[in-house]
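> sequence? don't have it. structure:
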């Protein structure tokens with residue numbers, strides 16, 4: 001059996017000196033009887049706090065967080081020996097890591113635990129404990145809660161510091177990409193929207209079906225990827241303002257008051273106004289890219305995809321966007337079937353070629369605002385932004401089919417075909433991104449266990 005940690009031994013000794021079996025039993029009975037009510041009071045208080053609402057949703061609280069808090073109270077307050085206490089304190093490290101991933105501020109947790117102690121102590125007043133036992137019971141609850149919070153906070157700080165370093169590394173990675181190519185790609189995306197708008201305006205056709213600039217390929221990139229790279233730049237909010245003026249003022253004006261005379265003064269004025277805004281977007285875009293230093297770091301050398309160490313930075317932002325805008329996003333976890341067999345039968349050069357081709361097929365089937373990672377070995381992961389499960393299933397099926405139909409050319413004129421299994425998970429509102437990754441991973445194994453070359457949904 002593993003030796004309890006020094007903290008567990010120290011805490012056990014302190015509890016032994018201040019609490020009797022009657023005290024521990026009274027607290028455990030309260031937790032066992034009222035854990036649901038205590039969790040309800042805790043989250044009612046949290047949801048009423050404006051500072052907490054950005055991190056919580058009613059659905060997540062009812063389905064995930066309340067049951068989790070009840071289990072946490074049982075583990076912490078109903079332990080029976082030093083080994084169970086050690087396990088309870090070890091759990092606090094995991095809780096701290098979860099809070100760090102979900103970006104829940106420490107002071108909110110401290111405030112909630114203070115309320116929880118008050119609720120438990122209020123119930124202790126209704127027990128048959130003597131005055132001295134009641135004092136010891138309050139001290140028992142305070143000590144356990146405070147030690148748990150200390151462990152939780154220490155883990156939170158370590159995870160937050162690691163996450164901050166990863167965020168900075170991600171920005172360095174983005175700076176190391178081929179920025180000239182990315183700049184041209186986004187400039188072309190703006191020009192494509194502009195050309196479509198002017199073609200429809202010149203042809204005198206209805207404009208109701210024209211996509212907004214925000215919903216274009218450039219808009220998706222601007223909404224999801226640009227803030228990660230250009231978070232503190234002066235130009236980014238100016239570009240967003242230009243896009244808002246085009247989408248909220250100029251295009252609606254064209255739809256409502258479009259003059260069928262393509263040479264009319266109103267049409268020329270509208271065209272000029274759109275042209276001015278789009279030119280400003282292109283100028284600001286060039287300026288923004290020019291501010292970055294061209295570094296060559298952090299790229300997966302073989303596939304040129306994102307490295308998995310940047311996944312937390314992406315998912316935290318997508319979860320934040322979901323909380324703010326109500327959109328959904330999905331993960332695809334992909335694994336190449338029987339990849340070891342490829343390496344064993346054809347050699348590692350052939351395996352590398354397969355990995356490159358699979359990566360290329362994935363990138364070819366996603367949009368500008370999506371992210372594709374080499375997750376490790378023969379596993380890949382895609383983050384599909386602003387998409388529901390049904391549309392994500394379509395994307396996953398296109399990827400699966402394209403890879404199944406692909407002939408990978410090898411040396412000596414040989415070719416090889418491979419298939420992939422895909423797990424699909426949709427964001428369910430939980431603030432911890434690791435849960436979403438785990439769900440996608442479990443769905444992937446469902447697909448593999450069901451026969452491979454298929455898609456399974458979490």
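Looks like it came in fine. Since we're looking at a predicted model, the values are computed, not measured.
> quick check: the residue nearest the centre of the chain vs residue 441, distance?
By C-alpha atoms, centre = their mean, the mean C-alpha position of the chain lies nearest to residue 315, the distance being 2.2 Å. For residue 315, the distance to residue 441 (C-beta to C-beta, to the nearest Å) stands at 14 Å. C-beta here means a position set from N, CA and C on the backbone, and glycine is covered the same way.
> same check on residue 25?
From residue 25 over to residue 441 the distance is 41 Å, taken as C-beta to C-beta.
> which parts of the stretch 301-450 of the chain are strands?
306-307, 330-336, 371-376, 379-384, 408-409, 415-416, 420-426 (DSSP state E, counting those that start in this stretch).
> go ahead and confirm the residue nearest to the centre of the chain touches residue 436.
Yes - Residue 315 is within contact range of residue 436, at 7.0 Å (criterion: C-beta atoms under 8 Å).
> rewinding a little: who's in contact with the residue nearest to the centre of the chain?
383, 433, 436-437 (C-beta atoms under 8 Å, 6 or more residues apart in numbering).
> again, 7 Å this time
383, 433, 436 (C-beta atoms under 7 Å, 6 or more residues apart in numbering).
> cool, and residue 48?
With C-beta under 7 Å, 6+ apart as the criterion, no residue contacts residue 48.
> any idea how far residue 429 is from it?
Taking C-beta to C-beta, one finds residue 48 at 19 Å from residue 429.
> could you point out which element follows the lowest-mean-pLDDT helix or strand in the chain?
Of the helices and strands making up the chain, the lowest-confidence element is helix 251-257, at a mean of 62, by mean pLDDT, DSSP states H and E. Later in the chain than helix 251-257, the nearest helix or strand by DSSP states H and E is helix 265-290.
> re earlier: drop anything exposed from the contacts of residue 315.
383, 433, 436 (16 or more other C-beta atoms under 10 Å).
> just checking, the second one touches residue 318?
If I follow you right, that is residue 433. No - when contacts are counted by C-beta atoms under 7 Å, residue 433 is not listed as touching residue 318 (8.1 Å).
> which of residue 25 and residue 441 has more neighbours?
Neighbour count, other C-beta atoms under 10 Å: between residue 25 and residue 441, residue 441 has more, with 19 against 15.
> shaky segments in the stretch 301-450 of the chain?
Scanning the stretch 301-450 of the chain for pLDDT under 70 picks out nothing.
> how about a cut-off of 90?
301-314, 316-317, 320-327, 343, 347-349, 368-369, 376-377, 409-414, 428-431 (pLDDT under 90).
> what about the residue nearest to the centre of the chain, distance to residue 431?
The value you get for residue 315 to residue 431, if C-beta to C-beta is used, is 11 Å.
> show me what contacts residue 447?
Residues counted as contacts of residue 447 (C-beta under 7 Å, 6+ apart) are 421-423, 454-456.
> same thing with residue 7?
Applying C-beta under 7 Å, 6+ apart, the residues near residue 7 are residue 89.
> what residues of stretch 366-386 count as buried?
Result for stretch 366-386 [16+ other C-beta under 10 Å]: buried residues 366, 368-375, 378-386.
> what sits up against that stretch?
Here stretch 366-386 has contacts from 189, 217, 220-221, 223-225, 300, 303, 305-306, 308, 311, 314-315, 318, 327, 329-336, 339, 355, 358-359, 362-363, 392, 395, using C-beta under 7 Å, 6+ apart.
> show me the shaky parts of the stretch 101-250 of the chain.
101-112, 148-185, 187, 194-212, 214-216, 223-235, 246-250.
> against residue 230, how distant is residue 236?
For residue 236, the distance to residue 230 - C-beta to C-beta - is 5 Å.
> residue 107: how many residues sit nearby?
Residue 107 has 9 neighbouring residues, counting by other C-beta under 10 Å.
> for it, which three-state class applies?
Following DSSP: H, G, I helix; E, B strand; the rest coil, we place residue 107 in the helix state.
> pull out the buried positions in stretch 414-431.
416, 418, 420-431.
> just the closest of these to residue 250, please.
residue 427 (33.2 Å; C-beta to C-beta).
> with adjacent residues omitted, what lies nearest to that closest one?
residue 329 (5.2 Å; C-beta to C-beta, 6 or more residues apart in numbering).
> then residue 226?
Closest residue to residue 226 apart from its sequence neighbours, by C-beta to C-beta, 6+ apart: residue 236 at 6.2 Å.
> contacting residues around residue 139?
By C-beta under 7 Å, 6+ apart, the residues touching residue 139 are residue 18.
> the strand or helix carrying it: what's the following helix or strand?
Assigned by DSSP H and E, residue 139 belongs to helix 131-176. Once helix 131-176 ends, the next helix or strand along the chain (criterion: DSSP H and E) is helix 179-203.
> quick one: that following helix to helix 265-290, angle?
Interaxial angle of helix 179-203 relative to helix 265-290 (axes from the mean of the first three to the mean of the last three C-alpha atoms, to 10 degrees): 180 degrees.
> quick one: buried residues of helix 179-203?
Applying 16+ other C-beta under 10 Å to helix 179-203 flags 179, 182-183, 186-187, 189-190, 193-194, 197, 200-201 as buried.
> out of those, which is nearest to residue 211?
Closest to residue 211, out of all of the buried residues of helix 179-203 and judged by C-beta to C-beta, is residue 193, at 7.5 Å.
> residue 144 is in contact with residue 75, isn't it?
No - using C-beta under 7 Å, residue 144 is not in contact with residue 75; the gap is 10.7 Å.
> counting neighbours, go ahead and name the busier of those two.
residue 144 (23 against 19).
> grab the nearest non-local neighbour of the more buried one.
Closest to residue 144 by C-beta to C-beta, 6+ apart is residue 76, at 5.8 Å.
> quick one, grab the pLDDT at that neighbour.
pLDDT, residue 76: 91.
> and it, how many neighbours does it have?
The burial count for residue 76: 20, using other C-beta under 10 Å.
> my guess is it meets residue 141, correct?
No - between residue 76 and residue 141 there is no contact under C-beta under 7 Å: 9.8 Å.
> which neighbours do those two share?
Common neighbours of residue 76 and residue 141 (C-beta under 7 Å, 6+ apart) do not exist.
> mind listing what residue 393 touches?
Residue 393 neighbours (C-beta under 7 Å, 6+ apart): 424, 455.
> look up how far residue 356 lies from it.
26 Å.
> coming back round to it: so which of the strands of the stretch 301-450 of the chain gets nearest residue 445?
strand 420-426 (7.2 Å).
> who does that closest one touch, helix- and strand-wise?
Helices and strands touching strand 420-426, as assessed by 3 or more C-beta pairs under 7 Å, 6 or more residues apart in numbering; DSSP states H and E, comprise strand 330-336, helix 389-405, helix 433-449, strand 455-457.
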